[in-house]
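# build me a structure from this.
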Amino acid sequence: MALVRGESMTPTLRPGDRLLVGYRRRPVVGDVVVARLADGTVAVKRAVERRTTVGGRPGWWLLSDAPALGVDSRHRGPVPDEDVLAVVLARLWPRPTRRLPAPLGPTAASSPSADGS
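Okay, the predicted model is just below:
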């Protein structure tokens, strides 16, 4: 389980949210993960793409859903695979009304809805 502190993942997650995490699941693009950043901070971020670290190891580019808030890979660089500690499976509290959404971006905003509109 993980506890959200800070505003960097709003509106997806808010301070005080309690998360169910999976330690044995490998992340895929778009997953919300718990990771140890280069400065030792453990944070909840979104895995946006695969990157190679400065040392040549495989890793992840992790971003906040609220880009103006918090620290992420834009400030600390790619996070090595071994420092991505868990994948968020669900929000336990407050009781979720829906799944964790993907952030709105250029591709999400321009894609047609399921009803074709």
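# what number of residues lie near Ala68?
As a burial measure, Ala68 scores 7 neighbours (other Cβ atoms under 10 Å). C-beta coordinates here come from the backbone N, C-alpha and C atoms, glycine included.
# got phi/psi on it?
phi -80, psi -10 (degrees, to the nearest 10).
# residue ranges of the helices in the protein, please?
For the chain, the helices defined by DSSP state H occupy 73-76, 106-110.
# just name the shakiest helix or strand of this protein by mean pLDDT.
Taking mean pLDDT, DSSP states H and E as the measure, the chain has helix 106-110 as its least confident helix or strand, at a mean of 44.
# for the protein, just list every one of the strands.
In the chain, the strands defined using DSSP state E lie at 2-3, 18-22, 32-36, 42-52, 58-63, 79-80, 84-93.
# against Arg95, how distant is the residue nearest the centre of the chain?
For the chain, the residue nearest the mean C-alpha position is Arg46 (1.9 Å; Cα atoms, centre = their mean). To Arg95, Arg46 is 22 Å away according to Cβ to Cβ, to the nearest Å.
# Ser64 contacts Ser73, correct?
No: the pair Ser64 and Ser73 fails to qualify as a contact (Cβ atoms under 8 Å) at a distance of 9.4 Å.
# how about the contacts made by Val54?
Listed by Cβ atoms under 8 Å, 6 or more residues apart in numbering, the contact partners of Val54 are Gly77, Pro78.
# one more pass at 7 Å, please.
Gly77 (Cβ atoms under 7 Å, 6 or more residues apart in numbering).
# next one: Val48
Contacts of Val48 (Cβ under 7 Å, 6+ apart): Val29, Trp61, Leu62, Leu63.
# kindly report the same for Val28.
Applying Cβ under 7 Å, 6+ apart, we find Val28 in contact with no residue.
# okay, it: pLDDT?
Confidence at Val28, expressed as pLDDT, is 98.
# what of Leu62?
With respect to pLDDT, Leu62 has a value of 98.
# what about it, how many neighbours?
Summarising burial for Leu62: neighbours were counted as other Cβ under 10 Å, giving 27.
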